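only geometry, no sequence info:
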């Protein structure tokens with residue numbers, strides 16, 4: 001599993017407006033329907049009102065590659081440009097080992 005955290009930062013609420021348009025236009029629903037997409041969700045950092053965090057999770061690299069080759073990417077790129085967003089990206093690849101036993105005692109279920 002591949003997880004990509006994308007931090008979109010803009011000015012005067014542009015990052016949130018971008019997310020609203022992505023949702024309203026159906027782009028988000030289309031991405032979530034793509035083969036291999038496991039998660040596509042936006043979050044708002046409490047201490048930074050001009051940034052939005054996207055957690056974008058895919059089954060494997062092949063699914064990410066297919067997404068990047070899709071016409072959807074042109075729509076996303078155009079919206080990013082329209083809202084003049086800057087990005088910071090983090091990528092995580094799951095080792096499928098799960099949480100270590102010693103960490104489980106800190107998690108309330």
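On my side now, so go ahead. Because the structure is predicted, anything quoted here is derived from the model rather than measured.

where do the strands of this structure begin and end?
Assigned strands in the chain, in chain order: 2-9, 37-43, 51-58, 86-93 (criterion: DSSP state E).

a markdown table for the ones you listed, including mean neighbour count, distance to residue 80 and mean pLDDT?
(Glycine included, C-beta is placed from N, CA and C.) Shown next, in a markdown table, are those (neighbours: other CB atoms under 10 Å; distance: least, CB to CB, whole Å; pLDDT from 0 to 100):
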| stretch | mean neighbour count | distance to residue 80 | mean pLDDT |
| --- | --- | --- | --- |
| strand 2-9 | 17 | 7 | 97 |
| strand 37-43 | 15 | 14 | 98 |
| strand 51-58 | 19 | 11 | 98 |
| strand 86-93 | 11 | 7 | 95 |
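
of those, which is nearest residue 69?
Closest of the strands of the chain to residue 69 is strand 51-58, at 13.2 Å (criterion: CB to CB).

where does this protein dip in pLDDT?
Filtered on pLDDT under 70, the chain yields the residue ranges 96-97.

what ranges does it have for its helices?
14-24, 27-32, 61-69, 72-82, 101-104 (DSSP state H).
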